[in-house]
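**Q** Sequence first, predicted model second:
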Amino acid sequence: MRLIKFRAWQKTHEYMTDDLAMVHNVFYYDDPQDGIRIDDDWVLMQFTGLKDKNGVEIFESDVLLTEEDSVLHDVYWNDDCARFEVKERNGDVNDLEFSDIYVVVGNAFQHPNLLEGDNE
């Protein structure tokens, strides 16, 4: 059985959390009784179900590095193919089948410097 989990980036206050609850298809930060409803000021990211070569969970919007060629890859969900994929900075796209060749080096929200340039 595949583990389904999410994390969320809070845009205004710029913080990441995985302390989420879902009640009746609505996500809440912290406790659904007293917590904050996840709205347009949040970005939800789903766990891919895979871990990198160091055992770190891979989520949407993560930035991955292949150590053999030092190439950065962005993780995203492809609606047309209904799968998670990685996009190299040169534009090549691959499925995320072999996660053990990657290392999570950050994500698009907490580490925006990883998005600058091709491979910094």
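**A** Looks like it came in fine.
**Q** Not counting sequence-adjacent ones, nearest residue to Arg37?
**A** Tyr28 (5.8 Å; C-beta to C-beta, 6 or more residues apart in numbering). Any C-beta I mention is one placed from the backbone N, CA and C, and that applies to glycine too.
**Q** Quickly find the element holding that neighbour.
**A** According to DSSP states H and E, Tyr28 maps onto strand 26-29.
**Q** Other residues contacting the helix or strand that that strand is followed by?
**A** Downstream of strand 26-29, the next assigned helix or strand under DSSP H and E is strand 36-37. With C-beta atoms under 8 Å, 6 or more residues apart in numbering as the test, strand 36-37 has contacts from 26-30.
**Q** thinking again about what came up before, name all residues that make contact with the residue nearest to Arg37.
**A** 20-22, 35-38.
**Q** quick one on the thing from earlier: report the buried residues of the strand holding Tyr28.
**A** 27-29 (16 or more other C-beta atoms under 10 Å).
**Q** thinking again about what came up before, select from the contacts of Tyr28 the one having the most neighbours.
**A** Ile38 (20 neighbours; other C-beta atoms under 10 Å).
**Q** quick revisit: and the residue nearest to Arg37, how far is that from Asp40?
**A** 15 Å (C-beta to C-beta, to the nearest Å).
**Q** Likewise for Lys87?
**A** 25 Å.
**Q** Helix or strand next in line after the top strand by length along the chain, which one?
**A** Ranked by number of residues, the top strand in the chain under DSSP state E is strand 42-51. For strand 42-51, the following helix or strand on the C-terminal side (DSSP H and E) is strand 57-59.
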